[in-house]
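Participant: would you be able to build a 3D model of this:
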Amino acid sequence: MRIGQFTDTFYPIVDGVGRVVFNYATHLPRLGHECYVIAPMMDTGYRGGFPFELVDFTGTSLPGSPQYKAGVAILDRHYHARIANVPLDVIHAHAPFSAGMEALRLTAKRDIPLIGSFHSKYYDDFYKATGNEALANLGVKFVIEFYDRCDEVWAVSKSSAEVLRGYGYEGDIVVMENGTEIRPIVPENAERAAAQFAIPKGKPVLLYVGQMDWKKNILHILEAAALLAAQGSAFTLVLAGQGADAEAIREKAETLGIGKDTILTGHVTDTALLDGLYALADLFVFPSLYDTFSLVLREAAAMGTPAVVTRGGSPAEPIIDGENGFLAENTPEDLARVIGKALADPAALCTIGERARSSIPIAWETIMENVVARYTALMERSQKGELKHRHDVLRDILAQRMHEWQKLRESARISSKKG
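Facilitator: Purely as a prediction, here's the structure:
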């Protein structure tokens, strides 16, 4: 089988979607399939040597998020020459934007199956970028139009499927979880991480891994840590990742009086070093309500480190409170309470970490068996003519959305003048 993985984020990997695509493209060839990654072009990071081929198109940085790229594949002649020589049997799009539009175009042109995976809470992203509810709703409308044109839609968790339903999608949804690389715990990795980031010995380590973005509920982590410090608790808070709010997060830690106890590592690309941070931590703190799935929670569990998450969020789905992790209400006060209680009993915390390791991570190999089965079934349906009849609707979609966007901008301009 020849499979195209279409994504708006790839090397250098800066988010969970890029990591998911990397694992798809790495594990599928181990099962005997050809895999191609189609993504906007990045300046650095990808150096080859992997079991897949990267076919990229010209990309430009997004305002306010320079780590992300966007582009229009149909305008890149070099890309066209390359993709024309790439035979594909099935296309899997992991985003509905630049790469998703190209996935839709190729699917219509070649009449092959298209799967669309829903990974993110796009309304939140649109609203943060525009500050305008109407524009955010317009963006969601565009997203739903994309998924309506897929042959099969996958969500990475039950709660992410509910989010997609809430956006207005009415078709069938397959819940296809992401996997985890199950690696051995290597004590030397923890020692190297402690040395690399100057993490002091003798104090509990609280760890967060992910984007440095307020949408991840990082403020609750900082405020909970400040409450613990005020109660006399000793700890080191390690925040690993990069993002637009990194400096603001550092400043807030100082303002709250926990700057000396807080370490921001920046983006960690070394897998062994990241495993070392997970293994070194006593507790993984991830209160995000934005995430539709949490790879990092499962990676922490694979290293024997239990997590505390917000009750009702997607990351809470695999957690049984007090058994293989901890649940907290969506307040810094309750987060501080749960963290303090967990740290007060190191022996129980260790046992809960062992249960997390045995119950939460699912190996990518297992996930890929299910993925390949669904790919194969879609191909068989396609050969029988049972999938959607397509025509190239990309131009019509973009024209309609641009028209609506311009109307909203004009309305906003008139309202501003009246004000």
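
Participant: low-confidence regions, this protein specifically.
Facilitator: Per-residue confidence for the chain (pLDDT under 70) gives these ranges: 12-14, 43-47, 61-70, 388-419.

Participant: so residue 153: helix, strand or coil?
Facilitator: strand (DSSP: H, G, I helix; E, B strand; the rest coil).

Participant: from residue 293, how far off is it?
Facilitator: Going from residue 153 to residue 293 by C-beta to C-beta, to the nearest Å gives 15 Å. C-beta coordinates here come from the backbone N, C-alpha and C atoms, glycine included.

Participant: residue 268 reaches residue 274, doesn't it?
Facilitator: Yes: between residue 268 and residue 274 there is a contact under C-beta atoms under 8 Å: 4.8 Å.

Participant: quickly list what's touching both of those two.
Facilitator: 209, 240 (C-beta atoms under 8 Å, 6 or more residues apart in numbering).

Participant: tell me, how many residues neighbour residue 109?
Facilitator: 10 (other C-beta atoms under 10 Å).

Participant: how close does it sit to residue 37?
Facilitator: From residue 109 to residue 37 the distance is 19 Å (C-beta to C-beta).

Participant: now swap in residue 283 and tell me
Facilitator: Noted for residue 283: a distance of 35 Å to residue 37, by C-beta to C-beta.

Participant: equivalent analysis for residue 141, please.
Facilitator: Taking C-beta to C-beta, one finds residue 141 at 28 Å from residue 37.

Participant: of those two, who's got more company?
Facilitator: residue 37 (25 against 14).

Participant: that's a strand at the more buried one, yeah?
Facilitator: Yes: counting by three-state DSSP, residue 37 falls inside a strand.

Participant: quick one, what contacts it?
Facilitator: With contact set as C-beta under 8 Å, 6+ apart, residue 37 has these partners: 4-7, 10, 21-22, 25, 52-55.

Participant: can we see that at 6 Å?
Facilitator: 5, 10, 25, 52, 54 (C-beta atoms under 6 Å, 6 or more residues apart in numbering).

Participant: just checking, which of these belong to helices?
Facilitator: residue 25 (DSSP state H).

Participant: could you identify which of the contacts of residue 37 has the most neighbours?
Facilitator: Most surrounded of the contacts of residue 37: other C-beta under 10 Å gives residue 10, at 28 neighbours.

Participant: just checking, that residue touches residue 17?
Facilitator: No: using C-beta atoms under 6 Å, residue 10 is not in contact with residue 17, being 8.9 Å away.

Participant: just the strands in the stretch 251-400 of the chain please.
Facilitator: Under the criterion DSSP state E, counting those that start in this stretch, strands of the stretch 251-400 of the chain are mapped to 262-266, 283-286, 307-310, 326-328.

Participant: which helices and strands does the first one pack with?
Facilitator: Under the contact criterion of 3 or more C-beta pairs under 6 Å, 6 or more residues apart in numbering; DSSP states H and E, strand 262-266 touches strand 236-240.
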